[in-house]
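Enquirer: predicted model follows, preceded by the sequence.
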Amino acid sequence: MMAPEAGGRLVWLRAAYWAGILTDAVVAVQMLFPRLLLSAYGVDLVPTPEFTFALRYGAPLMIGWTVLLLWANRQPVERKDVLLITAFPVVVGYVAIVIYAVVAGFATWGQMAPALAMQAVLLMLFTVGYWQAGKMG
């Protein structure tokens, strides 16, 4: 039987994995259908063939990362390092891309605020989940 304290830690850990799994799955769909991505952020760009190609080129990686998080979730404590790798450099990299989009004039801070908020929540969940897993084993 698991101690109540360990059960609470496991909840954090599972929440971190599932937040990543669901986010990656949604973004993978948006990458496959670029108009969904643009409309989600309220960005007024026409998805050119080059833009569509670039997004779709990255979609298999997003799908692969979704599967990686599903795999890690099956043994969450033993595979906790996947959370750390997902936080740094993956999510931090997306933060940099969002900042670049604003600085380059492709989007406004207001348009990117939801993405930055989501990334902050993911970073918090992944970091706390990793830390909690370290206490479990």
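Expert: Cool, got the structure. Quick caveat, the model's predicted, so the values are computed rather than measured.

Enquirer: what about this structure, any weak spots by pLDDT?
Expert: 1-5 (pLDDT under 70).

Enquirer: quick check: buried residues in whichever strand or helix holds residue 67?
Expert: Following DSSP states H and E, one finds residue 67 within helix 49-74. Buried positions in helix 49-74, judged by neighbour count with 16 or more other Cβ atoms under 10 Å: 55, 59, 62-63, 65-66, 68-69, 72-73. The way it works is simple: take the backbone N, C-alpha and C, and place the C-beta from them, glycine included.

Enquirer: turn those residues into CSV, including distance to residue 17.
Expert: What follows is the buried residues of helix 49-74, written out as CSV (distance: Cβ to Cβ, whole Å):
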residue, distance to residue 17
55, 25
59, 21
62, 16
63, 16
65, 12
66, 11
68, 10
69, 6
72, 6
73, 4
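
Enquirer: quick one: what helix or strand has residue 12 in it?
Expert: Residue 12 belongs to helix 4-32, assigned by DSSP H and E.

Enquirer: kindly export the next helix-or-strand element following that helix (C-alpha atoms) in PDB.
Expert: Taking DSSP H and E as the definition, the helix or strand that follows helix 4-32 towards the C-terminus is helix 34-41. Written as PDB, here are the backbone C-alpha positions of helix 34-41 (Å, rounded to 0.1, in the frame of the first residue of the first chain):
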ATOM      1  CA  PRO A  34      -2.200  25.300 -39.800                       C
ATOM      2  CA  ARG A  35      -5.400  27.400 -40.000                       C
ATOM      3  CA  LEU A  36      -6.400  25.900 -36.600                       C
ATOM      4  CA  LEU A  37      -3.100  27.000 -35.100                       C
ATOM      5  CA  LEU A  38      -3.300  30.500 -36.500                       C
ATOM      6  CA  SER A  39      -6.900  30.900 -35.500                       C
ATOM      7  CA  ALA A  40      -6.200  29.600 -32.000                       C
ATOM      8  CA  TYR A  41      -3.800  32.500 -31.500                       C
END
